[in-house]
Structure formats: structure tokens, C-alpha cells
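Undergrad: Take a look and give me a structure for this.
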Amino acid sequence: MKRKLRIFSLFTVLLSVFLLSACRKNTRNVYQEVKRSNEITWGVKADTRLFGLMSIKTGKIEGFEVDLANALTKEMLGKDAKANFVQTTAKTKIPLLKNGNIDAVLAAMTITPERKKQIDFSEPYFYAGQSLLVKEDSTIKNVQDLNGKTALAVKGTTAVANVKKFAPKAKVLEFDDYGQAFTALKAGQGQAMTTDNGLLAGIATENKGYKLVGGTYTNEPYGIAVNKGQKQMKNAINRALNKLKKDGTYNALVKKWFSGIPGFNIKEAEGEK
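TA: Now for the predicted structure:
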């Protein structure tokens with residue numbers, strides 16, 4: 001009997017600890033925590049040129065989103081505040097955010113209704129959309145020009161369905177990754193490669209003789225993600241983002257990373273039509 005009571009008591013203690021832990025997790029105020037620590041941990045990409053890429057020279061992640069995260073951190077917490085960076089992938093960024101391993105995600109994350117069921121988003125900071133990458137001497141000017149031609153895309157992406165929607169008479173060849181799709185473009189297997197304009201811009205910076213055309217034919221803006229219920233954190237990010245846009249810091253960062261890319265529209269990326 002005593003043994004059963006001890007087991008029951010142990011179970012009760014463990015249950016209490018679990019419930020208290022869950023309660024603390026649910027009532028966590030990320031904004032107040034980052035204010036106290038004077039640092040923010042951002043989830044970023046480390047494999048995407050222009051947005052976030054691990055530098056072989058410095059051993060650090062560099063890119064537009066890293067620079068923006070640093071600027072947001074200073075604006076939110078002060079000039080002595082520290083920005084920490086954790087590499088994320090498509091599969092890990094939401095779990096890391098939900099588990100409290102990171103405070104916010106700034107990683108080329110499209111705002112979608114499905115994602116908004118799990119997390120909250122800031123206002124858009126990059127107005128992404130699918131575009132076309134073609135050879136410099138191409139006669140293709142927009143997605144409709146793909147009718148009767150061949151587009152190159154990556155399997156499982158929305159680009160495949162979108163090409164068929166906007167250019168129903170186009171043929172679409174699908175590849176496992178962007179490297180394979182671009183190799184096919186160079187080999188002449190298709191007349192255009194399609195995916196998000198920012199990703200295509202990264203490819204264009206490494207490969208002379210290619211340009212983006214037609215602007216964006218879909219609307220898929222990127223937002224900064226915070227966990228559900230973190231209204232103070234989201235509002236603080238929005239205030240800081242708007243301040244950086246007003247004082248010119250945001251525009252300077254966009255130009256730093258995206259200016260000079262053939263066919264890339266900086267004003268469109270900033271949300272101006």
C-alpha cells in the first residue's frame with residue numbers, strides 16, 4: 001500500500017511539474033524576455049544567396065535578412081543590443097519557434113493562411129512573387145509568353161501549378177532542385193526557369209548572361225514570424241520595421257543586396273507598384 005502511495009505521489013509531482021512547465025510556456029512573454037536580456041535570437045536561412053548564406057571566409061551567416069535582423073534588434077532594444085542567429089530550414093523553423101528555441105523567424109517565409117493557423121506574422125518586409133529567369137537574348141517578356149514553350153521548375157513547388165494557370169499551353173519540366181533546373185536552362189532544355197524572384201536574383205548574381213523578366217506574376221510576401229499570442233513582440237517588430245522604412249535604413253539594405261541585378265525590380269520588392 002505504501003509503495004502504491006509513493007508511486008501515486010511521484011506521479012502527482014511529475015504531473016504538477018509538467019503542468020507548471022506548460023503553463024509557463026503558454027504564458028511566456030517573449031518581448032519582455034528580450035528586453036530583459038537585451039538580445040534577440042533570430043531563425044534565419046544559411047543556404048540562400050542574398051537572403052542568408054554561410055560565408056566560407058568569415059564563418060558567419062551573411063545576407064539581407066541578417067542585416068535587417070541586426071537593424072531591427074538595435075531599433076527595438078537599443079544600440080548595445082545583440083542579435084543571435086540560428087540556422088533554420090523549411091522543416092525546422094516553425095518547430096524551433098513553437099518550442100522557444102528562437103524568438104522570431106526572418107527566413108524568406110511566405111505569409112500564408114495555413115501558416116497563420118500556427119504562428120503570427122509581422123507586416124511584409126519583402127514582396128516576393130514568382131518570376132522568370134531567362135537568357136539575356138531571350139524574347140520572353142512575361143509568363144504569358146511561355147505558351148507553346150517550356151518552363152523549368154522544381155518538383156513540389158507552387159511554381160508548377162502557377163505556370164499552368166497563367167500559361168496553360170506551356171510545357172513544364174520538373175527537377176529535384178534549383179541547381180538542376182538552372183543547369184537545364186543553360187543546356188537549352190527550356191526557355192525560362194521560374195520560382196520566387198528573390199531566389200532567381202541570387203542565381204542571376206552568380207551567372208552572367210541571365211536576367212529576370214515580367215516582374216512577379218504571383219503575390220507571396222515574406223513576413224517575420226513570431227509564436228501565437230506574442231502580440232507585444234509582433235507589434236514591436238512592426239514598429240521597428242516601419243521606423244527603418246521611414247529613416248531609409250530598409251531601402252539602403254535592399255539596395256545593398258539587390259541592386260544591379262538585371263530585371264530585378266527593387267521598388268516592387270519594397271511593396272511599391
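Undergrad: Could you pull out the helices in the stretch 151-273 of the chain for me?
TA: Secondary structure of the stretch 151-273 of the chain, counting by DSSP state H, counting those that start in this stretch: helices at 158-166, 178-186, 197-206, 231-246, 249-258, 266-269.
Undergrad: Need the winner for burial among those.
TA: Using mean count of other CB atoms under 10 Å, the stretch among these with the largest mean neighbour count is helix 197-206, at a mean of 22. C-betas here are computed from N, CA, C, even on glycine.
Undergrad: Spatially nearest residue to the residue nearest the centre of the chain, not counting backbone neighbours?
TA: The chain has residue 108 as the residue nearest its centroid, 1.1 Å off, counting by CA atoms, centre = their mean. In space, and not counting its chain neighbours, residue 108 is closest to residue 51: 5.1 Å by CB to CB, 6 or more residues apart in numbering.
Undergrad: hang on, that neighbour packs against residue 109?
TA: No. Using CB atoms under 8 Å as the test, residue 51 is too far from residue 109 to be in contact (10.4 Å).
Undergrad: Which one's more surrounded, those two?
TA: residue 51 (27 against 24; other CB atoms under 10 Å).
Undergrad: per-residue confidence at the more buried one?
TA: Model confidence at residue 51, given as pLDDT, is 96.
Undergrad: Spit out the contact partners of it.
TA: Under the criterion of CB atoms under 8 Å, 6 or more residues apart in numbering, the contact list for residue 51 reads 45, 63-65, 107-108, 198, 202.
Undergrad: Same list (those residues) but as JSON lines, adding distance to residue 222 and secondary structure.
TA: What follows is those, written out as JSON lines (distance: CB to CB, whole Å; DSSP: H, G, I helix; E, B strand; the rest coil):
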{"residue": "45", "distance to residue 222": "11", "secondary structure": "coil"}
{"residue": "63", "distance to residue 222": "13", "secondary structure": "coil"}
{"residue": "64", "distance to residue 222": "10", "secondary structure": "helix"}
{"residue": "65", "distance to residue 222": "9", "secondary structure": "helix"}
{"residue": "107", "distance to residue 222": "8", "secondary structure": "coil"}
{"residue": "108", "distance to residue 222": "6", "secondary structure": "coil"}
{"residue": "198", "distance to residue 222": "8", "secondary structure": "helix"}
{"residue": "202", "distance to residue 222": "14", "secondary structure": "helix"}
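Undergrad: now, the most widely separated pair of the residues you listed?
TA: Taking CB to CB as the measure, the contacts of residue 51 reach their widest spread between 107 and 202, a distance of 14.2 Å.
Undergrad: nearest to residue 138, of the contacts of residue 51?
TA: For the contacts of residue 51, the nearest to residue 138 is residue 202 (19.1 Å; CB to CB).
Undergrad: Surely that closest one touches residue 49?
TA: Yes. Here residue 202 lies in contact with residue 49, judged by CB under 8 Å, at a distance of 3.3 Å.
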